[in-house]
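K.L.:
Structure, please.
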Amino acid sequence: MGSSDSTAGQSGSSGGGTGWFADYFGFEEHGTDLRTELVAGLTTFLTMSYIVAVNPAILANAISIEGYGDGQIIQMLAVVTILASVVATLVMAFYANRPFAQAPGLGLNAFFAFTVVIGLGIPWQTALAAVFVEGVLFIVLTAIGAREYVVGLIPEPVKFSVGTGIGLFLGIIGLQAMGVVVADPEGTMITLGPLAQNPVAIVSVLGLFLTVGLYARGVKGSIIIGIALTTVAGFVLSFLGYAPGALSGEFIQEGAFLASELPQATYDITPLVGAFVSGFANVEAFTFALVVFTFFFVDFFDTAGTLVGVGQAGDFLDEEGELPDIDRPLMADAIGTTAGGILGTSTVTTYIESATGVEEGGRTGMTALTVAVLFLVSLVFVPLAAAIPQYASHLALVVVAILMLRNVVDVQWNDVTHAVPAGLTIMVMPFTYSIAYGIAAGILSYPVVKTAAGEFDDISAGQWVLAAAFLVYFVVRTSGVVG
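P.N.:
Okay, the predicted model is just below:
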């Protein structure tokens, strides 16, 4: 640590911009220097940059704008994805001074698209209104220090199982896009697709194994590399005449990829910015409240868990295992989510990939600032986002899903009062195609099994209220009263 401090001090006294950065972010105090922070920021960006392609691909399933083609909408979504990430990460850099990067979260964007808009039939503008409300709620609760109370309302087994449930949810979405999992309404509901007969599935599976192989080798940016190489492989096969159209997607005609057929660059995001305002005109109170609660719950605990996990990797935690001044990075998340709702994207959260930058030595907000600048630079490549086929972008969901399954080890499976809520949370999410239903099932079952086991003291009044609310929702929703 002594030699690091010496290096930091030399770096901080070298004059110019380096001196300002060193003083503002406290390089010497944190035992780091400018070069280390820049490398850490680059590392984090490379590991999470796939979101620029994946988030638009997911949200485009739910967002349609009259007068604009799919390619233009994807580019708009890529732009707002970048801008929301920049806003949140800059707040993280200058307000929280932590090396954590933020962007629209996987799982939350799938919930937005497949559950809220497609499943519940809620207009996408109203879904953005829910994101905005969740962000404002997050800001208020963070500002008044109500985090502990909110944490106490959610049963522990539900907290620990949500990540695994979301992982399975993302996994089935990704495998369907890749052609690995297909519908089987006459037999087992879903089944293995005819892989050997489907060029898309073949390319996707090879791309998936290439990606996980790169990840296992510790290659930085393995997911974005896998997406890019899978896309190129599809273009090459299409150009060679294999399954014309099947591999091509909208922007490649007659089996050949021509650069001139890429859609014209679109940076005008006015159809998305502020669209959440009109969404308030279509609010059905109970359903809207459930959507807001789910956005808030997943975002809050995903962010808090990520902050503690990455904080542990960077030796930021105190003696009690808490991240000092955690309200500051939580506020960055809340502001990013609110900005994202205004701009036109789903909930922003802190990325676990930030751990890669921390492992490279990133210790201050300079790492986050570097990520934000690189996101801005990536605006140049926005037109390419529309050329990435879904089967290539969605293999990222499968990779992330695999990584999220490890959260299941935190559940106390030998305690039935934990196993039941956790198991229901995990199973209901993918089987009902809804993150909200999984969370609701876990929260509803917790007081039931605790009461049956005679452990009344473990149930708070707030947990009973939540369980009762979700019971009413399930009855109303499945009875057909709510469409």
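
K.L.:
can you tell me how far residue 448 sits from residue 164?
P.N.:
Per Cβ to Cβ, to the nearest Å, residue 448 is found 21 Å from residue 164. The way it works is simple: take the backbone N, C-alpha and C, and place the C-beta from them, glycine included.

K.L.:
give me the number of residues near residue 119?
P.N.:
By the criterion of other Cβ atoms under 10 Å, residue 119 has 16 neighbours.

K.L.:
Now do the helices in the stretch 1-150 of the chain.
P.N.:
Counting by DSSP state H, counting those that start in this stretch, one finds helices in the stretch 1-150 of the chain at the ranges 2-12, 16-25, 27-30, 34-48, 51-59, 70-91, 108-110, 124-143, 147-153.

K.L.:
Buried residues of the longest one, list them for me.
P.N.:
Residues of helix 70-91 classed as buried: 71-91 (neighbour count, 16 or more other Cβ atoms under 10 Å).

K.L.:
Tell me the secondary structure of residue 312, please.
P.N.:
helix (DSSP: H, G, I helix; E, B strand; the rest coil).

K.L.:
brain fart, residue 345
P.N.:
For residue 345, the assignment made with three-state DSSP gives coil.

K.L.:
wait, isn't it in contact with residue 58?
P.N.:
No. Counting by Cβ atoms under 8 Å, residue 345 sits too far from residue 58 to count as a contact (10.3 Å).

K.L.:
For the two, list the residues in contact with both.
P.N.:
Taking Cβ atoms under 8 Å, 6 or more residues apart in numbering as the contact rule, residue 345 and residue 58 both touch residue 109.

K.L.:
Those two - which one has more neighbours?
P.N.:
residue 345 (34 against 31).

K.L.:
Quick check: the more buried one vs residue 316, distance?
P.N.:
Taking Cβ to Cβ as the measure, residue 345 falls 28 Å from residue 316.

K.L.:
same question, residue 237
P.N.:
From residue 237 to residue 316 the distance is 47 Å (Cβ to Cβ).

K.L.:
Over to residue 467?
P.N.:
35 Å.

K.L.:
ok, now residue 355?
P.N.:
With distances defined as Cβ to Cβ, the gap from residue 355 to residue 316 amounts to 12 Å.

K.L.:
What of residue 156?
P.N.:
For residue 156, the distance to residue 316 - Cβ to Cβ - is 23 Å.

K.L.:
Those two: who's more crowded?
P.N.:
residue 316 (21 against 17).

K.L.:
Surely that one is in contact with residue 324?
P.N.:
Yes. Between residue 316 and residue 324 there is a contact under Cβ under 8 Å: 7.2 Å.

K.L.:
Remind me which helix or strand the residue lying closest to residue 107 once chain neighbours are set aside belongs to.
P.N.:
Nearest residue to residue 107, sequence neighbours excluded (Cβ to Cβ, 6 or more residues apart in numbering): residue 166, at 4.0 Å. Assigned by DSSP states H and E, residue 166 belongs to helix 156-178.

K.L.:
residues contacting the closest residue to residue 296 other than its chain neighbours?
P.N.:
If the residues on either side of it in the chain are set aside, residue 296 comes closest to residue 134, at 4.6 Å by Cβ to Cβ, 6+ apart. When contacts are counted by Cβ under 8 Å, 6+ apart, residue 134 touches 292, 295, 296, 299, 337, 341, 347.

K.L.:
try 10 Å this time
P.N.:
Taking Cβ atoms under 10 Å, 6 or more residues apart in numbering, we find residue 134 in contact with 108, 291-300, 334, 337-338, 341, 347.

K.L.:
May I ask which of those has the most neighbours?
P.N.:
Neighbour max across the contacts of residue 134 (other Cβ under 10 Å) = residue 337, 35 neighbours.

K.L.:
which SSE is it in?
P.N.:
Counting by DSSP H and E, residue 337 is part of helix 327-343.

K.L.:
For that helix, which helices and strands make contact with it?
P.N.:
With contacts taken as 3 or more Cβ pairs under 10 Å, 6 or more residues apart in numbering; DSSP states H and E, helix 327-343 sits against helix 70-91, strand 102-104, helix 124-143, helix 275-279, helix 285-313, strand 348-350, helix 365-377.

K.L.:
Now do the contacts for the spatially most central residue of the chain.
P.N.:
Central residue of the chain (Cα atoms, centre = their mean): residue 105, 1.6 Å from the mean position. Neighbouring residues of residue 105 by Cβ under 10 Å, 6+ apart: 51, 55, 111-112, 166, 295, 298-299, 302-303, 306, 333, 337, 340, 346-351.

K.L.:
swap the cut-off to 7 Å and go again
P.N.:
By Cβ atoms under 7 Å, 6 or more residues apart in numbering, the residues touching residue 105 are 299, 302, 347, 348, 349.

K.L.:
Next: residue 58.
P.N.:
Neighbour list for residue 58: 109, 110, 113 [criterion: Cβ under 7 Å, 6+ apart].

K.L.:
Could you tell me how many residues sit around the last one?
P.N.:
Neighbours of residue 113 under the rule other Cβ under 10 Å: 23.

K.L.:
Return the distance of stretch 266-284 from the chain's centre.
P.N.:
21 Å (Cα atoms, centre = their mean, to the nearest Å).

K.L.:
which residues are contacting it?
P.N.:
For stretch 266-284, the surrounding residues in contact (Cβ under 7 Å, 6+ apart) are 65, 68, 72, 75-76, 79-80, 123, 125-126, 128-129, 132, 341-344, 382.

K.L.:
Give the buried residues for stretch 355-362.
P.N.:
Neighbour-count burial for stretch 355-362, counted by 16+ other Cβ under 10 Å, picks out 355, 356, 357, 358, 360, 361, 362.

K.L.:
pLDDT (mean, whole number) over stretch 421-434?
P.N.:
When pLDDT is averaged along stretch 421-434, the result is 91.

K.L.:
ok, now stretch 378-385?
P.N.:
The average pLDDT for stretch 378-385 rounds to 88.

K.L.:
cool, stretch 356-374 as well?
P.N.:
Mean predicted lDDT for stretch 356-374 stands at 94.

K.L.:
CA-only coordinates of that stretch in CSV, if you can.
P.N.:
Extracted in CSV, the C-alpha atoms of stretch 356-374 (Å, rounded to 0.1, in the frame of the first residue of the first chain):
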residue,chain,number,x,y,z
THR,A,356,-13.6,-6.3,-13.4
GLY,A,357,-12.4,-2.7,-13.2
VAL,A,358,-12.0,-2.9,-9.5
GLU,A,359,-9.9,-6.1,-9.9
GLU,A,360,-7.7,-4.0,-12.3
GLY,A,361,-7.1,-1.5,-9.5
GLY,A,362,-9.9,1.0,-10.0
ARG,A,363,-10.7,2.6,-6.6
THR,A,364,-12.2,6.0,-7.3
GLY,A,365,-14.8,7.9,-9.4
MET,A,366,-12.1,8.3,-12.1
THR,A,367,-12.8,4.8,-13.2
ALA,A,368,-16.5,5.6,-13.5
LEU,A,369,-15.7,8.8,-15.4
THR,A,370,-13.7,6.8,-17.9
VAL,A,371,-16.6,4.4,-18.5
ALA,A,372,-18.9,7.4,-19.0
VAL,A,373,-16.6,9.0,-21.6
LEU,A,374,-16.3,5.7,-23.4
